[in-house]
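Asks: need a 3D model of the sequence below.
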Amino acid sequence: MLEVDITLGEFNDETLDVSITSGGSPFNITGLTMEMYLKTAAGVSDTDPSTVKLTTPTDITITNGPGGLATVVIPNADLQPGDNVGFYRYDILQAGKRHTALFGKVTVTSL
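Replies: As a prediction, the model looks like this:
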């Protein structure tokens with residue numbers, strides 16, 4: 001797990017380039033499912049009504065599987081005033097097991 005804080009622009013469609021590594025080397029994500037959760041705070045349930053779930057292939061696209069690279073698209077509908085997004089978690093699902101690769105604080109800049 002790696003903590004990486006991110007800043008997003010309110011009202012914007014945001015695109016994030018993600019690099020997954022293990023032991024300092026690229027982690028092969030070819031054919032794996034990835035999920036990103038946008039939450040109001042750490043510890044909030046994944047099923048909480050305020051939680052936004054982004055997943056492959058709709059919102060997350062693998063751009064270089066062997067290189068561990070993917071792109072996440074966050075639609076502006078999920079970055080509106082009052083959404084109170086303050087935390088995210090990025091998971092990889094492999095062989096039926098969930099592994100958190102990235103997590104961190106989210107700052108949404110008012111525009």
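
Asks: helix, strand, or coil at the most centrally placed residue in the chain?
Replies: Nearest to the geometric centre of the chain sits Met36, at 3.3 Å (CA atoms, centre = their mean). Secondary structure, DSSP: H, G, I helix; E, B strand; the rest coil: Met36 is strand.

Asks: residues contacting it?
Replies: For Met36, the contact set (CB atoms under 8 Å, 6 or more residues apart in numbering) comprises Lys53, Leu54, Thr55, Asp59, Ile60, Val72, Tyr88, Arg89, Tyr90, Asp91. Quick note: C-beta positions are derived from backbone N, CA and C, even for glycine.

Asks: any idea which of the residues you listed is closest to Pro26?
Replies: If you rank the contacts of Met36 by distance to Pro26 using CB to CB, Tyr90 comes first, at 15.5 Å.

Asks: may I have the residues that are in contact with that closest one?
Replies: Val18, Met34, Glu35, Met36, Val72, Thr100, Ala101, Leu102, Phe103.

Asks: may I see the residues you listed organised as JSON lines, with pLDDT and distance to Leu79 added?
Replies: As requested, those are exported to JSON lines (pLDDT from 0 to 100; distance: CB to CB, whole Å):
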{"residue": "Val18", "pLDDT": "97", "distance to Leu79": "18"}
{"residue": "Met34", "pLDDT": "98", "distance to Leu79": "20"}
{"residue": "Glu35", "pLDDT": "98", "distance to Leu79": "18"}
{"residue": "Met36", "pLDDT": "98", "distance to Leu79": "13"}
{"residue": "Val72", "pLDDT": "98", "distance to Leu79": "13"}
{"residue": "Thr100", "pLDDT": "97", "distance to Leu79": "22"}
{"residue": "Ala101", "pLDDT": "96", "distance to Leu79": "22"}
{"residue": "Leu102", "pLDDT": "96", "distance to Leu79": "18"}
{"residue": "Phe103", "pLDDT": "98", "distance to Leu79": "18"}
